[in-house]
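[1] I would like the atomic coordinates for the input below:
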Amino acid sequence: YLNNPCSDGTLTKTSFHRSQTLGYRNGYAYSRRPTVGIGGERLYVNQLSQAELDELASKRPILTYGKPKQAPPSDFVPAHVAFDKKVLKFDAYFQEDVPISAEEHYRIRQVAIYYFLEDDSMSVMEPIVENSGIPQGKFIKRQRIPKNDCGDHYHWKDLNRGMNITLYSRTFRIVDCDPFTQVFLESQGIELNPPEKMIFDPYTELRKMPLRKYVTPSDFDQLKQFLTYDKQVSES
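    Numbering: from 1, shown residues only. Purely as a prediction, here's the structure:
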């Protein structure tokens with residue numbers, strides 16, 4: 001292009017064409033960066049790397065003019081990524097009435113309450129005991145459990161040792177938690193109650209006791225007894 005001086009000493013541009021940014025490769029069109037600007041002017045390309053640009057964007061200046069600007073926030077990490085596979089575990093039990101049994105009036109059932117941090121869901125599992133005679137295993141499937149009639153759901157801040165919690169009209173007593181749960185809650189500023197002892201089912205413990213055995217004395221002589229009481233008939 002040509003730059004012609006005017007009478008006042010300024011330069012005028014006579015070429016205004018744009019460089020081609022559309023190319024073809026193997027029969028397909030693709031866009032490419034222009035090598036020169038409008039009229040063939042030289043383009044000054046930024047030679048800084050992306051890491052250097054990020055550092056400049058987040059670097060706080062030593063001297064500021066006017067109202068200081070806050071540094072950009074750190075990268076946001078979603079909860080389902082930060083708390084992936086992180087689960088809180090609480091040991092609990094509940095009391096169940098047994099109205100149709102002459103041997104037991106109530107039953108103590110031990111459960112584990114799990115809280116999944118990634119989506120604030122909960123589940124309740126009951127350990128399987130052999131010959132218990134009652135269905136056990138998954139007591140409440142994993143879901144967000146309502147806390148009240150206002151649409152609120154239980155949060156990990158609502159859980160603690162030594163407290164009662166009502167899930168679907170059934171009250172559970174939380175007695176303890178695992179070490180990970182304790183460390184997590186304390187790191188979040190939750191003051192944990194002291195742990196309590198787990199309550200065991202009295203009828204189940206009674207069934208674990210050995211049965212009484214009646215042993216005939218070793219000096220008992222069956223033949224002598226037969227000869228002594230032979231032909232004797234008891235009169236009723």
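[2] in this protein, which spans are strands?
    In the chain, the segments counted as strands under DSSP state E are 3-5, 11-13, 22-25, 28-31, 87-97, 106-116, 121-126, 137-143, 163-167, 170-177.
[3] Select from the ones you listed the stretch with the lowest mean pLDDT.
    Lowest mean pLDDT within the strands of the chain: strand 3-5, a mean of 51.
[4] JSON lines for the strands of the chain, including mean neighbour count and distance to residue 224?
    Where you see a C-beta, it was placed from the backbone N, CA and C, and this is true even at glycine. JSON lines is the format used below for those (neighbours: other C-beta atoms under 10 Å; distance: least, C-beta to C-beta, whole Å):
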{"stretch": "strand 3-5", "mean neighbour count": "10", "distance to residue 224": "142"}
{"stretch": "strand 11-13", "mean neighbour count": "10", "distance to residue 224": "139"}
{"stretch": "strand 22-25", "mean neighbour count": "8", "distance to residue 224": "116"}
{"stretch": "strand 28-31", "mean neighbour count": "8", "distance to residue 224": "114"}
{"stretch": "strand 87-97", "mean neighbour count": "17", "distance to residue 224": "55"}
{"stretch": "strand 106-116", "mean neighbour count": "18", "distance to residue 224": "51"}
{"stretch": "strand 121-126", "mean neighbour count": "19", "distance to residue 224": "58"}
{"stretch": "strand 137-143", "mean neighbour count": "13", "distance to residue 224": "59"}
{"stretch": "strand 163-167", "mean neighbour count": "15", "distance to residue 224": "66"}
{"stretch": "strand 170-177", "mean neighbour count": "18", "distance to residue 224": "61"}
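[5] Make JSON lines from those and add distance to residue 200 to it.
    Output for the strands of the chain, formatted as JSON lines (distance: least, C-beta to C-beta, whole Å):
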{"stretch": "strand 3-5", "distance to residue 200": "97"}
{"stretch": "strand 11-13", "distance to residue 200": "94"}
{"stretch": "strand 22-25", "distance to residue 200": "76"}
{"stretch": "strand 28-31", "distance to residue 200": "74"}
{"stretch": "strand 87-97", "distance to residue 200": "9"}
{"stretch": "strand 106-116", "distance to residue 200": "6"}
{"stretch": "strand 121-126", "distance to residue 200": "14"}
{"stretch": "strand 137-143", "distance to residue 200": "18"}
{"stretch": "strand 163-167", "distance to residue 200": "19"}
{"stretch": "strand 170-177", "distance to residue 200": "12"}
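[6] Looking at those strands, which is nearest to residue 51?
    Closest to residue 51 of these, according to C-beta to C-beta: strand 28-31, at 25.5 Å.
[7] Quick one: find the helix or strand in this protein with the lowest mean pLDDT.
    strand 3-5 (a mean of 51; mean pLDDT, DSSP states H and E).
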